[in-house]
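*Asks:* need coordinates for the below:
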Amino acid sequence: MPPIAQEALELARRGDTAGALEAARSAVASHPDDYGLRLFIGLLHLRRLELDDALPHVRKAVALAPADPVPRVELIRLLIGLGKLDEADQLLAGAALPGMEARRLQAMIHARRDEPGQAAKIFQDIVAADPRDFESWGNLGACRLANGQPRLAAEAFTRALQLRPDLQKFREKLMEAQVGAGMGEEALAIARQFVLENADDIAARVTVARLEDLLGRPEQAVETLRETLAAHPDHLPGLLALAGLLERQNSIDEFAETIARIEQLDPNGMELQLLRAQLAFRKRDFQRALELAEAAPKALNRSTREQLIGTINDRLGNEAAAFRAFEQMNRESDLSERTIARRSQALRDLIDHRGQVTTAEWVRGWSARTPPATMHEPAFLIGFPRSGTTLLDTFLMGHPGICIAEEKPMLQAVAEQLGDYERIAALDELEIRSLQDRYFAAAAEHVPDLGDRLLIDKYPLGAIDAALIHRLFPTAKIIFAQRHPCDVVLSCFITRFQPTPTLVSFFTLDDTAGLYDRVMALWEKCRAAMPLEVHNFKYEQLVENPDAQMRQLLAFLGLEWNDRVMDHEKVAESRNFISTGSYSQVIEPLYDRSVGRWTRYREQLGSVLPLLDPWAVKMGYSI
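*Replies:* Residues are numbered from 1 along each chain as shown. You can find the predicted model right below:
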């Protein structure tokens with residue numbers, strides 16, 4: 001072995017992956033056909049999750065040692081990770097792999113192709129044959145979770161963790177499964193009891209904070225981590241978790257202090273560079289933020305890194321670079337392109353079907369009148385994501401007679417009880433009353449401090465459920481948020497959303513524009529078929545003249561004027577956690593840089609402009 005290769009091995013043993021990579025590159029430059037070196041450098045890149053960088057080296061290792069199964073297995077796993085599933089399938093078919101490895105890889109390919117049921121069957125066979133295969137137990141849990149079986153998923157993750165308690169990735173998935181199965185509160189109670197009985201187990205305290213965050217109580221998570229770190233100030237995972245929460249909370253001074261503590265403990269940590277970049281951005285040092293973000297390892301939080309690079313370039317006026325980064329951000333998903341396309345099409349098909357059903361004749365045929373609600377009817381703030389709903393609700397929060405429910409699943413709870421959308425027409429008074437009660441029960445859970453204030457249910461995609469809203473509350477006031485369609489579509493595309501069945505449509509520009517077109521078409525049909533009480537609110541007018549717009553809106557809602565609605569910045573600062581993608585923008589002074597931003601991206605938006613132009617004209621905009 002060349003001395004430089006021995007040096008690389010020693011650096012890797014000491015945990016200096018960056019140094020090992022540098023030494024390994026020097027070694028492979030002078031020994032390009034050394035099979036061991038090629039595989040070693042590929043595995044170093046894999047350790048850093050740099051899949052694209054690992055690929056040519058692992059390919060070369062397979063070519064140099066075609067009979068060795070080890071590089072072939074690593075190459076297949078790597079291809080699966082990169083989404084090159086056909087190539088992985090072909091390579092697997094031609095490989096004679098020992099033991100259960102071929103079955104594991106075939107299951108992984110099924111899982112990546114969004115065929116979790118088929119993958120789960122294979123993983124079940126594997127763990128039946130080898131109950132100590134912790135990785136397959138974890139993968140079985142992931143497949144069950146993807147297949148809508150969170151309770152069974154939790155059982156599989158629990159088995160995996162019994163075998164390997166140190167695997168944080170499975171612990172995170174277990175918590176997700178527990179919350180999805182409605183077991184989150186029970187899991188949190190168990191985790192808290194474990195902390196009481198094991199006071200020195202710091203990781204358990206971080207688990208409690210993670211569960212609190214998953215259950216929608218990030219404020220509690222912050223306090224849990226603060227208490228933990230007061231007693232254990234050098235616990236790095238706790239500090240990293242706290243840093244992420246503080247940035248989301250807009251607590252920038254404490255965020256900076258936490259980063260300084262992380263720097264002292266782990267000055268070369270992979271997470272640190274990205275945290276520094278986020279801090280520089282929040283302090284408006286955009287050039288420095290860009291340098292730090294581009295230097296951050298691609299392996300960790302890659303979508304966060306790309307989003308930050310895109311946002312910084314946007315603020316610096318580098319539109320082409322910004323758009324490339326946003327495209328890469330949207331490619332960094334656990335979902336395959338085929339899965340994204342299929343789920344996006346399914347949502348568009350659902351909206352199209354509702355559009356076909358929703359006619360004036362259908363509404364006139366509703367079989368029973370809607371009984372008066374037992375509580376004060378809510379108002380609804382709907383439109384389309386990124387249409388200015390978060391900015392508007394920040395103004396509205398200043399009014400003492402208003403309570404905002406920010407994207408809470410009240411209507412979703414009603415829809416689950418209702419079942420088929422077309423059943424709306426056949427509901428009798430008793431069923432409608434039951435659905436109203438279900439709505440108010442969900443509201444009491446999510447906004448327990450409502451009192452006698454007006455509840456405004458902020459639900460940006462509420463147009464999809466306009467008929468359900470009207471059936472439950474026929475005189476409810478609806479605020480419909482409008483913004484230039486091109487600005488809306490661009491903003492949705494460049495915002496990193498969780499890939500829910502609805503928001504998965506924002507991974508591609510065409511899907512985003514297609515969803516916008518379908519939602520607006522359905523809303524037009526609803527307006528024509530139902531006597532909805534609607535106030536159209538334009539984002540651009542709120543930015544230009546907030547006083548006039550808020551006076552008109554409060555008059556529509558039947559509320560008296562209150563000067564506190566104009567104290568937008570103070571209200572924004574008092575908001576603890578803002579659950580939308582614009583959480584960092586709402587706390588800034590009112591600005592107009594997002595008005596007409598799409599014009600800077602006209603070239604990139606070219607393919608969707610013909611679809612959006614008719615909507616722009618109808619709303620009084622131009623393209």
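*Asks:* these two touch, right, Ala426 and Leu418?
*Replies:* No. Taking contacts as Cβ atoms under 8 Å, Ala426 lies outside contact range of Leu418: 10.7 Å. For glycine as for every other residue, the C-beta is placed from the backbone atoms N, C-alpha and C.
*Asks:* with neighbour numbers in mind, choose between the two.
*Replies:* Leu418 (21 against 12; other Cβ atoms under 10 Å).
*Asks:* is the nearest residue to that one once chain neighbours are set aside in a helix, a strand, or coil?
*Replies:* Leaving aside its sequence neighbours, Leu418 sits nearest to Leu435 (Cβ to Cβ, 6 or more residues apart in numbering; 6.3 Å). Put simply, Leu435 is helix when judged by DSSP: H, G, I helix; E, B strand; the rest coil.
*Asks:* residues near Leu435, how many?
*Replies:* 21.
*Asks:* how far away is the residue nearest to Ala95 when sequence neighbours are not counted from Leu79?
*Replies:* Leaving aside its chain neighbours, Ala95 sits nearest to Arg72 (5.2 Å; criterion: Cβ to Cβ, 6+ apart). For Arg72, the distance to Leu79 (Cβ to Cβ, to the nearest Å) stands at 11 Å.
*Asks:* identify the contacts common to the two.
*Replies:* Residues within reach of Arg72 and of Leu79 at once, by Cβ atoms under 8 Å, 6 or more residues apart in numbering, are Leu91.
*Asks:* quickly find the element holding Thr304.
*Replies:* Following DSSP states H and E, one finds Thr304 within helix 302-316.
*Asks:* run the chain-centre distance for that helix.
*Replies:* 16 Å (Cα atoms, centre = their mean, to the nearest Å).
*Asks:* show me what secondary structure element comes after it.
*Replies:* Next element after helix 302-316 (DSSP H and E): helix 319-331.
*Asks:* tell me how far the residue lying closest to Arg315 once chain neighbours are set aside lies from Asp86.
*Replies:* Computed as Cβ to Cβ, 6+ apart, the closest residue to Arg315 that is not its neighbour in sequence is Phe286, at 5.2 Å. Going from Phe286 to Asp86 by Cβ to Cβ gives 41 Å.
*Asks:* with neighbour numbers in mind, choose between those two.
*Replies:* Each of Phe286 and Asp86 has its neighbours counted (other Cβ under 10 Å); Phe286 has more, 16 against 11.
*Asks:* would you put the C-alpha positions of stretch 396-411 in PDB?
*Replies:* In PDB, the C-alpha atoms belonging to stretch 396-411 read as follows (Å, rounded to 0.1, in the frame of the first residue of the first chain):
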ATOM      1  CA  LEU A 396     -55.500  40.500  12.000                       C
ATOM      2  CA  MET A 397     -53.900  39.100  15.200                       C
ATOM      3  CA  GLY A 398     -53.600  42.600  16.500                       C
ATOM      4  CA  HIS A 399     -57.300  42.800  16.800                       C
ATOM      5  CA  PRO A 400     -58.500  41.800  20.300                       C
ATOM      6  CA  GLY A 401     -61.700  40.300  18.900                       C
ATOM      7  CA  ILE A 402     -60.000  37.900  16.500                       C
ATOM      8  CA  CYS A 403     -58.400  34.500  17.000                       C
ATOM      9  CA  ILE A 404     -56.500  33.000  14.100                       C
ATOM     10  CA  ALA A 405     -56.200  29.200  13.700                       C
ATOM     11  CA  GLU A 406     -53.100  28.800  11.500                       C
ATOM     12  CA  GLU A 407     -53.600  25.800   9.200                       C
ATOM     13  CA  LYS A 408     -55.100  23.600  11.900                       C
ATOM     14  CA  PRO A 409     -56.900  20.400  10.600                       C
ATOM     15  CA  MET A 410     -60.400  21.300  11.600                       C
ATOM     16  CA  LEU A 411     -61.900  21.000   8.100                       C
END
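*Asks:* how about that stretch: buried residues?
*Replies:* 396-399, 402-408, 410-411 (16 or more other Cβ atoms under 10 Å).
*Asks:* out of these, who's nearest Val62?
*Replies:* Nearest to Val62 out of the buried residues of stretch 396-411 is Glu407 (Cβ to Cβ; 47.9 Å).
*Asks:* who are the contact partners of the nearest residue to Ile432 once chain neighbours are set aside?
*Replies:* Leaving aside its sequence neighbours, Ile432 sits nearest to Thr370 (Cβ to Cβ, 6+ apart; 5.5 Å). Contact analysis of Thr370 by Cβ under 8 Å, 6+ apart lists Glu429, Ile432, Arg471, Leu472, Phe473, Pro474.
*Asks:* wait, isn't the third one in contact with Ala368?
*Replies:* No. With contact defined as Cβ under 8 Å, Arg471 does not reach Ala368; the gap is 9.8 Å.
*Asks:* please tell me how far the residue nearest to Ala95 sits from Arg315.
*Replies:* Distance, Arg72 to Arg315, by Cβ to Cβ: 46 Å.
*Asks:* of these two, give the one with the bigger neighbour count.
*Replies:* A direct count of neighbours by other Cβ under 10 Å for Arg72 and Arg315 places Arg72 higher, at 23 against 15.
*Asks:* in what helix or strand does the more buried one lie?
*Replies:* Assigned by DSSP H and E, Arg72 falls in helix 69-81.
*Asks:* which helices and strands does that helix pack with?
*Replies:* For helix 69-81, the elements it packs on are helix 35-47, helix 51-64, helix 85-93, helix 101-112, judged by 3 or more Cβ pairs under 8 Å, 6 or more residues apart in numbering; DSSP states H and E.
*Asks:* and the most centrally placed residue in the chain, which of the three is it?
*Replies:* Per Cα atoms, centre = their mean, the C-alpha nearest to the average position across the chain is that of Gln498, at 1.6 Å. On the three-state scheme (three-state DSSP), Gln498 is labelled coil.
*Asks:* PyMOL command for the buried members of the contacts of Thr370?
*Replies:* Command for PyMOL, covering only those of those found buried under the criterion 16+ other Cβ under 10 Å:
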select buried, resi 432+471+472+473+474
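*Asks:* ok, so of the contacts of Thr370, who is nearest Gly596?
*Replies:* So of the contacts of Thr370, ranked by how close each gets to Gly596 (Cβ to Cβ), first place is Phe473, at 35.7 Å.
*Asks:* not counting its neighbours along the chain, what's nearest the closest one?
*Replies:* Per Cβ to Cβ, 6+ apart, closest to Phe473 is Glu377, 4.5 Å.
*Asks:* quick check, the one you found in contact with Ile478.
*Replies:* No. The pair Glu377 / Ile478 is not scored as a contact, 11.0 Å apart, by Cβ under 8 Å.
*Asks:* so Asn536, which state does it fall into?
*Replies:* strand.
*Asks:* and for Ala405?
*Replies:* Secondary structure state of Ala405, per three-state DSSP, is strand.
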